[in-house]
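[1] this one's sequence-less:
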């Protein structure tokens, strides 16, 4: 039986959101977000930045003390 994950490749980009103002996002960051299939988002990211990736599956991976959060094993 073929394992599709064994033969597939993916490309991962780490994009910083800068100081949080969506207007200060770099052109490259905006282009990568527009092409993304999946975006993993920290709690500190300004929600307006996600306007650049309406097609993407958004996975919230932020951690806050005392709050429910995404398990680290899932993030890895």
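    Here it is on my side, so go on. These numbers were taken from a predicted model, which means no experiment stands behind them.
[2] so who does residue 49 touch?
    17, 22, 25, 33 (Cβ atoms under 8 Å, 6 or more residues apart in numbering). Quick note: C-beta positions are derived from backbone N, CA and C, even for glycine.
[3] redo those residues as TSV? Include distance to residue 9, secondary structure and pLDDT.
    As requested, the contacts of residue 49 are exported to TSV (distance: Cβ to Cβ, whole Å; DSSP: H, G, I helix; E, B strand; the rest coil; pLDDT from 0 to 100):
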residue	distance to residue 9	secondary structure	pLDDT
17	26	coil	78
22	31	helix	88
25	27	coil	90
33	20	helix	95
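[4] just send these back as JSON lines, with distance to residue 65 and neighbour count too.
    Output for the contacts of residue 49, formatted as JSON lines (distance: Cβ to Cβ, whole Å; neighbours: other Cβ atoms under 10 Å):
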{"residue": "17", "distance to residue 65": "21", "neighbour count": "17"}
{"residue": "22", "distance to residue 65": "27", "neighbour count": "16"}
{"residue": "25", "distance to residue 65": "28", "neighbour count": "20"}
{"residue": "33", "distance to residue 65": "28", "neighbour count": "21"}
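[5] reformat these as CSV; add distance to residue 50.
    Below are these laid out as CSV (distance: Cβ to Cβ, whole Å):
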residue, distance to residue 50
17, 10
22, 9
25, 11
33, 8
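[6] between the residues you listed, which is closest to residue 70?
    residue 17 (17.8 Å; Cβ to Cβ).
[7] surely the closest one touches residue 48?
    No: using Cβ atoms under 8 Å, residue 17 is not in contact with residue 48, being 10.1 Å away.
[8] ok, which stretches of the chain are strands?
    Taking DSSP state E as the criterion, the chain carries its strands at 38-41, 57-60.
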